[in-house]
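*Asks:* Have a look; sequence and predicted model below, questions after that.
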Amino acid sequence: MHVAKQLSKIKGEEYKEVNSVLSKKAGKIRIRRLIREPEGHITLEDFFPGDVISMGFWHAECHYALEGKVKITYSVPPLHQKTFEVVVEAGDAILYERGDQVTWEVLGNEPYRHICFIMPAVPLPTGDQLVNKIYKEYTAP
């Protein structure tokens, strides 16, 4: 068993900042990996006001919004012919399904903070060993 304790008390400066190549504008994401095991990942993330982050999901993932507000625009497989929008704020939960194409646009003046749950951990088609070093940089001590 693994426990991630006192998530609401973790401050932003305890996260790692990464520049997002997924952002439509220059931007960053703050990441705090709490648990990274084959059984699952638990990660805190902050997206910043003014940033628009886009990503395709090739695995299922659940998010729980802790702070802030974000507009999510998404499309679904197989052909992604129609887009949908939803506004998510603290207390909301989202289940992303494999194949979803998602764009987050932070609303307001504060970061959008959410916790990510991925179970089981994502099997990487290129081989987990190739990105293990990168993941370890963002794993909590």
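*Replies:* Alright, I've got the coordinates.

*Asks:* Report the next helix or strand after the longest strand along the chain in sequence order.
*Replies:* Within the chain, and with DSSP state E defining each element, the longest strand by residue count is strand 28-37. Scanning forward in sequence from strand 28-37 by DSSP states H and E, the next helix or strand is strand 40-47.

*Asks:* got the buried residues for that following strand?
*Replies:* Residues of strand 40-47 classed as buried by neighbour count (16 or more other CB atoms under 10 Å): 41, 42, 43, 44, 45, 46, 47. Backbone N, C-alpha and C define where each C-beta goes, glycine included.

*Asks:* For the second one, which residues are in contact?
*Replies:* Pointing back at residue 42 there. 4, 33, 34, 35, 115, 116, 117 (CB atoms under 8 Å, 6 or more residues apart in numbering).

*Asks:* Run a quick neighbour tally on the fifth one.
*Replies:* So the one you mean is residue 115. Residue 115: 19 surrounding residues under other CB atoms under 10 Å.

*Asks:* any idea how far the nearest residue to it once chain neighbours are set aside lies from residue 71?
*Replies:* Using CB to CB, 6 or more residues apart in numbering and skipping the chain neighbours, the partner closest in space to residue 115 is residue 64 (5.0 Å). According to CB to CB, to the nearest Å, residue 64 stands 17 Å off from residue 71.

*Asks:* Which positions are bridged to residue 30 in the beta structure?
*Replies:* On the basis of DSSP bridges, residue 30 is bridged to residue 17, residue 46.

*Asks:* before we move on, back to that, make JSON lines from the contacts of residue 42 and add distance to residue 109 and pLDDT to it.
*Replies:* Output for those, formatted as JSON lines (distance: CB to CB, whole Å; pLDDT from 0 to 100):
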{"residue": "4", "distance to residue 109": "28", "pLDDT": "82"}
{"residue": "33", "distance to residue 109": "27", "pLDDT": "83"}
{"residue": "34", "distance to residue 109": "26", "pLDDT": "86"}
{"residue": "35", "distance to residue 109": "31", "pLDDT": "86"}
{"residue": "115", "distance to residue 109": "21", "pLDDT": "95"}
{"residue": "116", "distance to residue 109": "23", "pLDDT": "94"}
{"residue": "117", "distance to residue 109": "27", "pLDDT": "94"}
